[in-house]
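Q: sharing a sequence plus its predicted fold:
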Amino acid sequence: MNQQISIIVPCYNQAQYLSEALQSVLEQTYTNWECIIVNDGSPDDTEQIAKRWLEKDYRFKYVYKENGGLSSARNAGLDLSIGDYIQFLDSDDVLNKFKLEKSINSINENNAKLVVSNFEMFTTEFTTTSKPYCVLKKEYLNYKSILYDWDVLFSIPIHCGLFKQCFFNNFRFPLELKAKEDWIMWISIFQTNPNCVFLNETLVLYRIHCSSMTKDLDLMQENLLKALIYLKNHLNIVDFEQLFICKFKAMYLQITTLETEIKFHKNKLSVLKNSNTFKLAIKIVAFLKVIGFVGFLKFIKKKPYNLC
């Protein structure tokens, strides 16, 4: 069977990396693909660069949309895709030339719907790589681990996966999230208990640079709260309560640190109010009101060592 793979490449203000990403697509040994380049209202040279690639190969497609964020751009690509399988690729990352071939072969050989490969990291030259920020293992690829151990033991770069299109029949990335949207996707997929293959080979490269969203800790914390609000309506109550307790364990420790700082700096409240920990505490209180867990902080103060 010669299944088609739709590769979705969202782009915003990363024109300097786009050609490397698209070159890694062009070099794929598996040739039945379409590559949908989604320009998310980027003010840089993304459009000019993308259109040059359209001239190189008819399999490249291009769409411009008003800026709406990464989730919106990926959704636009999903709406246009016609492939049997979905491959995501951020515009600053690259694929090994065997990524599609080895992934589709593994899916067919194992009658699977999903394959996850391993990854390494790079900065400027993808010929020089470093060890990944986490070690991926087959035993992590299940619903409970994805739900509870994400960002604790591991997380999976989205381009490590090759996904059967059916996973996206009823799923789109939440537009309210500017981060953690990939975690939501993995949860949605593993809720179906899919037959998943793990390829312990480095078939994708993840770029590290100063503008990487994952380095913005405030953004990550804020979107973790938003992700939990989203998940409250998409998980059963037992799973949500356990997840809620696990994720807030670390935040509780930060809040207790803040309480210590307040006692120590009685006359320096203005300094404390500008601290990241204080801002996080304010966000947590607002979040608890939104989801109806107002008494949660009192609960964890009573049981600080039995949270997860």
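A: Thanks, I have it.
Q: show me the helices in the stretch 1-150 of the chain, by range?
A: With helices called from DSSP state H, counting those that start in this stretch, the stretch 1-150 of the chain shows them at 15-26, 46-56, 70-80, 99-110, 143-148.
Q: meant to ask about the stretch 151-300 of the chain, not that
A: For the stretch 151-300 of the chain, applying DSSP H, counting those that start in this stretch gives helices covering 181-190, 217-232, 237-264, 269-273, 276-291, 296-302.
Q: worst average pLDDT in those helices?
A: The weakest mean pLDDT among the helices of the stretch 151-300 of the chain belongs to helix 296-302, with a mean of 48.
Q: just to revisit the earlier point, among the helices of the stretch 1-150 of the chain, single out whichever gets nearest to residue 226.
A: Closest approach to residue 226 among the helices of the stretch 1-150 of the chain is made by helix 70-80 (11.2 Å; C-beta to C-beta). (Each C-beta comes from the backbone N, C-alpha and C, glycine too.)
Q: summarise which helices and strands the closest one is packed against.
A: Helices and strands touching helix 70-80, by 3 or more C-beta pairs under 8 Å, 6 or more residues apart in numbering; DSSP states H and E, are strand 5-11, strand 33-40, strand 60-65, helix 181-190.
Q: taking the ones you listed together, which one is wrapped up most tightly?
A: strand 5-11 (a mean of 26; mean count of other C-beta atoms under 10 Å).
Q: pull the residues that contact that strand.
A: Outside strand 5-11, the residues that touch it by C-beta atoms under 8 Å, 6 or more residues apart in numbering are 18, 21-22, 25, 30, 32-40, 42, 46, 50, 70, 73-74, 77-78, 81-91, 100, 104, 162, 165.
Q: one more time with 6 Å, if that's ok
A: Strand 5-11 has contacts (C-beta atoms under 6 Å, 6 or more residues apart in numbering) with 18, 25, 33-40, 42, 46, 70, 73-74, 77, 81, 83, 85-89, 91, 100.
Q: again, but for stretch 109-127
A: Contact with stretch 109-127 is made by 94, 103, 106-107, 129-130, 132, 136, 157, 160-164, 194-208, as judged by C-beta under 6 Å, 6+ apart.
Q: and stretch 176-185, by the same measure?
A: Contacts for stretch 176-185 (C-beta under 6 Å, 6+ apart): 69, 71, 150, 158, 173-174, 213, 219-220, 223-224, 226-227.
Q: in TSV, list those along with neighbour count and distance to residue 113.
A: Listed next are the contacts of stretch 176-185 as TSV, based on neighbours: other C-beta atoms under 10 Å; distance: C-beta to C-beta, whole Å:
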residue	neighbour count	distance to residue 113
69	19	27
71	23	22
150	21	20
158	22	16
173	20	19
174	20	22
213	12	28
219	14	32
220	15	29
223	21	28
224	21	28
226	20	28
227	22	24
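Q: out of those residues, which comes closest to residue 4?
A: Set against residue 4, the nearest of those by C-beta to C-beta is residue 158 (19.6 Å).
Q: can you name every helix or strand that the longest strand along the chain contacts?
A: Using DSSP state E to define each element, the chain has its longest strand at strand 196-207. Here strand 196-207 touches helix 99-110, strand 114-122, going by 3 or more C-beta pairs under 6 Å, 6 or more residues apart in numbering; DSSP states H and E.
Q: could you identify which of those is most buried?
A: Greatest burial across the helices and strands packed on strand 196-207, using mean count of other C-beta under 10 Å, falls to strand 114-122, with a mean of 21.
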